[in-house]
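> Need a 3D model of the following:
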Amino acid sequence: FWALALFMNSDYSKAGVPMMPVVAGRKSTRHQIFGYSLVLAAVAVAPFALGLAGTIYGAAAIVLSAVFCLLSWQVSRSQTTAPDDMAMEKRLFKFSIFYLFALFGAVVADRMILS
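The predicted model follows:
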């Protein structure tokens, strides 16, 4: 949601909603996105690493998390401030929705196929 907040910053600011870019600024938000994406990747891969999930989930978690971290790294390096120029932020937000769907789908597939 912080990627969404970056390109919707003016709307949140006008409405007085204290989202991270409004409160802490864009630069801080971009760094927080990347840091928390690394934590998210570790948590997502943990069930496979601990033997609680099978190879289908493990492969999906590793690939999806790597892409998520790459996209968040690109956002963290970005300097754009204009909402029209925030293609990377929009891409990360859209991927985050797909990420959750695909990761949960991998859990189901892993249980159905490997059980």
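
> what about the closest residue to residue 52 other than its chain neighbours, neighbour count?
Nearest residue to residue 52, sequence neighbours excluded (Cβ to Cβ, 6 or more residues apart in numbering): residue 46, at 8.0 Å. For every residue, glycine as well, the C-beta is placed using N, CA and C. Residue 46 has 12 neighbours, counted by other Cβ atoms under 10 Å.

> Now do the buried residues in the host helix or strand of residue 46.
Assigned by DSSP states H and E, residue 46 falls within helix 26-49. Buried residues in helix 26-49, counted by 16 or more other Cβ atoms under 10 Å: 26, 29-30, 32-34, 37, 40-41, 44-45, 47-48.

> The chain: helices as residue ranges?
2-7, 9-15, 20-24, 26-49, 55-77, 87-114 (DSSP state H).

> Tell me which of the ones you listed is the most buried.
Per-stretch averages of neighbours, counted by mean count of other Cβ atoms under 10 Å, single out helix 2-7 among the helices of the chain, with a mean of 22.

> helices and strands around that helix, which ones?
helix 20-24, helix 26-49, helix 87-114 (3 or more Cβ pairs under 8 Å, 6 or more residues apart in numbering; DSSP states H and E).

> So what touches the second one?
With Cβ atoms under 8 Å, 6 or more residues apart in numbering as the contact definition, helix 26-49 has outside contacts at 2-3, 5-6, 9, 20-21, 24, 52-55, 57-58, 61-62, 64-66, 68-69, 72-73, 75-78, 81, 92, 103.
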